[in-house]
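Undergrad: for reference, the sequence and a predicted model appear below.
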Amino acid sequence: MEKQELNSFIQQRLENLKWLQEKGIPGFGEKFLRTHWAQQVQDDFNELEGKEVSLSGRLLSKREHGKAMFGDISDQSGSVQLYLRVNSIGEEKFEIFQSLDIGDLIGITGEVFKTRRGEVTINVSCFEIQAKSLRPLPEKWHGLKDVELRYRQRYLDLIVNPEVREIFMRRSRIIASIRRFLDSREFLEVETPILQPIPGGGNARPFVTHHKTLGRDLYLRIALELYLKKLIVGGFDRVYEIGRNFRNEGFSYKHSPEFTMLELYQVNTDYQDMMELTENMISSVSQEVLGSQKIDYQGEEIDLTPPWKRMTMVEVVKEFTGVDFENIDLETAREKAEEKGVRIKTGFSLGEILNEFFEQKVEDNLIQPTFIMDYPVEVSPLAKKIPDNPDFTYRFEGFIGGMEMANAFTELNDPIDQRERFEKQVAQREAGDEEAHMMDEDFIRALEYGMPPTGGLGIGIDRIIMVLTNTRNIREVILFPPMRPEEKE
RNA sequence: GGGCCAUUAGCUCAGUUGGCAGAGCACCUGACUUUUAAUCAGGGUGUCCCAGGUUCGAAUCCUGGAUGGCUCACCA
């Protein structure tokens, strides 16, 4: 038997339940007809004053005053005060309400009024017990702070920390707003496989699972990309998917092993169009959900109003490090890396060194919305090359608050070039790079049927939500972040 | 994976040089018919994360482990 089941708090609550049941009152009751939300009673007081309302929610506090009593009931919308008097509700019901524990779920009906202190209150005339709570809640004043408990028992976090509930309600509104934006532009929402024989579309170590009937291993997807492009080949001109990706990598404040991505593809667009779409989408979502395009993020004002700043990777690296990759040879690049403290691996190409310069010296500084354009071909195996500068691709990433938010390109639609890119990836993989792409013949075959010129965009939904909820850790915007299993005796 | 820090009551946290385990909220008993972190009187409810060790004596010191946080590395 679990030790907590023996502790006196739970004993006391079990006795209160028993007391009720002996009086013939069920401790776990029926559904209840709710007429209003708690917040609605607060907001619409002028209309509701003197009228009867019914609410369903959790009893969060009790203040007993002898033959009268105050309490607070909380539901999804917020909370409102309750008032009970012996000589309006009767001694028997009053005694039963006195026996309730903080945390009990109840349905109440009563008339709306204001106390002399001006607090909107419901004068309870009858109530039902919907579910007894057998465990004590965390403290009302300090809330629940222990990060481990907050994530493991997120329901407690949501009960006692209203600002946490607000983050997740906002998350829902942000995603709904993104869908509205895309739906209004004639994008089709689709669903593609999570279990994949070859995990493609990104550089990452995948999770492996096993299908018993097929007798083979499958991977959890690391990106949505390749299946969505197959749908472009299939004739859907504008598609998007919002879904979970899985990467077998460590945690950080901006990385979680499972995270939510939006990817979209639109025929007859290029990466320039994708930049416009990105800045329009994010600013419009911010306007719709927060009522502004200027937001506070960790003490910095961030202005999401289009157009966002645009720079090439070569330009921005030159600006932040003084190293000009425009006309540089490999040997000089290596020396500059050494000089500037950029860690590189032996055998890195010029493009890979440039990319390291960018990631190690520039990325964290891009606080205001910025598009960095024209990535080296070596690190962009799915993006189209720039014809008059084929060491680079039509690719950009969007940054806000020092974090990568978006990754997009003019999609590579030449199957011969794509095969060569995959072959280079496979060579890297054989040289020990676990994150390099695998050869995906099925994807090449699709391209061989012909994929129209297409722009594609990926957005890290969790990170956008971090920016729009002013949170500094990705786990604050994921309801149940991955944790090690709890140790059991 | 490396470094630093944390883990004490249901929750939030104190705990001095190694000497009886503490506070606030919550909870229990009683008073109180518009309070609001209600108030007043009384009551401490505990595997001090776990396992060893040192010591007359360990929440405190040592070793190992668990979990979490920050950070570096890894991860475009």
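TA: In hand now; what should we look at?
Undergrad: tell me the secondary structure for A:E276?
TA: Using DSSP: H, G, I helix; E, B strand; the rest coil, the three-state assignment for A:E276 comes out as helix.
Undergrad: per-residue confidence for the closest residue to it other than its chain neighbours?
TA: Take A:E276 and drop its neighbours on the chain: the residue closest to it by C-beta to C-beta, 6 or more residues apart in numbering is A:P306, 7.4 Å away. Using the backbone N, CA and C atoms, a C-beta is placed for each residue, glycine as well. You'll see A:P306 listed with a pLDDT of 97.
Undergrad: helix or strand for A:P306, which one?
TA: Assigned by DSSP states H and E, A:P306 belongs to neither a helix nor a strand.
Undergrad: and it, how far is that from RNA strand B?
TA: Remark: distance between A:P306 and RNA strand B (C-beta to the nearest atom of the strand, to the nearest Å) = 23 Å.
Undergrad: what of A:A204?
TA: From A:A204 to RNA strand B the distance is 5 Å (C-beta to the nearest atom of the strand).
Undergrad: and that residue, helix, strand or coil?
TA: coil.
Undergrad: can you show me the strands along the stretch 351-489 of chain A?
TA: In the stretch 351-489 of chain A, the segments counted as strands under DSSP state E, counting those that start in this stretch are A:370-373, A:385-386, A:389-393, A:395-400, A:403-410, A:454-460.
Undergrad: contact residues of the stretch 351-489 of chain A facing RNA strand B?
TA: A:355, A:359, A:375, A:379-382, A:397, A:404, A:407, A:435, A:473, A:475, A:483-484, A:487, A:489 (C-beta under 7 Å from any atom of the strand).
Undergrad: only whichever of those residues are buried, select them in PyMOL.
TA: Here is the PyMOL command that selects only those of those that count as buried (16 or more other C-beta atoms under 10 Å):
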select buried, chain A and resi 355+375+379+380+381+382+397+404+407+435+475
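Undergrad: in helices, which of the residues of the stretch 351-489 of chain A next to RNA strand B fall?
TA: Judged by DSSP state H, helices contain the following of these: A:N355.
Undergrad: ok, and what's touching stretch A:19-37?
TA: For stretch A:19-37, the external contacting residues (C-beta atoms under 8 Å, 6 or more residues apart in numbering) are A:17, A:48, A:53-56, A:75-78, A:96, A:99, A:107, A:128-132.
Undergrad: check whether that stretch contacts RNA strand B.
TA: No - interface with RNA strand B: stretch A:19-37 contributes nothing (C-beta under 7 Å from any atom of the strand), its closest point being 9.9 Å away.
Undergrad: hang on, the earlier thing: out of the strands of the stretch 351-489 of chain A, the one nearest A:L231 is which?
TA: A:L231 lies closest, by C-beta to C-beta, to one member of these: strand A:454-460, at 10.6 Å.
Undergrad: and that closest one, how far out from the chain's middle?
TA: The chain centroid and the centroid of strand A:454-460 are separated by 17 Å, computed with C-alpha atoms, centre = their mean, to the nearest Å.
Undergrad: and if you look at stretch A:25-33?
TA: When C-alpha coordinates are averaged (C-alpha atoms, centre = their mean), stretch A:25-33 and its chain have centres 35 Å apart.
Undergrad: tell me the mean pLDDT over that stretch?
TA: 94.
Undergrad: what do you get for stretch A:475-489?
TA: Mean per-residue pLDDT for stretch A:475-489: 79.
Undergrad: likewise for stretch A:48-58?
TA: What stretch A:48-58 shows for mean pLDDT is 96.
Undergrad: local confidence estimate at A:E2?
TA: 39.
Undergrad: what pLDDT is listed against A:E339?
TA: Reported pLDDT for A:E339: 88.
Undergrad: err, A:L277, not the other one
TA: 98.
Undergrad: I'd guessed it sits against A:G456; true?
TA: No - using C-beta atoms under 8 Å, A:L277 makes no contact with A:G456, being 10.7 Å away.
Undergrad: ok, those two, which is more surrounded?
TA: Neighbour count, other C-beta atoms under 10 Å: between A:L277 and A:G456, A:G456 has more, with 27 against 20.
Undergrad: where's that one relative to A:Q98, distance?
TA: As defined by C-beta to C-beta, to the nearest Å, A:G456 lies at a distance of 63 Å from A:Q98.
Undergrad: ok, now A:E300?
TA: 51 Å.
Undergrad: which residue would be the closest one in the stretch 301-450 of chain A to RNA strand B?
TA: In the stretch 301-450 of chain A, no residue comes nearer to RNA strand B than A:E435, which is 3.8 Å away by C-beta to the nearest atom of the strand.
Undergrad: can you tell me how far the residue nearest to that residue when sequence neighbours are not counted sits from A:Q425?
TA: Spatially, and ignoring its direct neighbours in sequence, A:E435 is nearest to A:N203 (4.3 Å; C-beta to C-beta, 6+ apart). Per C-beta to C-beta, A:N203 is found 8 Å from A:Q425.
Undergrad: sounds good, over and out.
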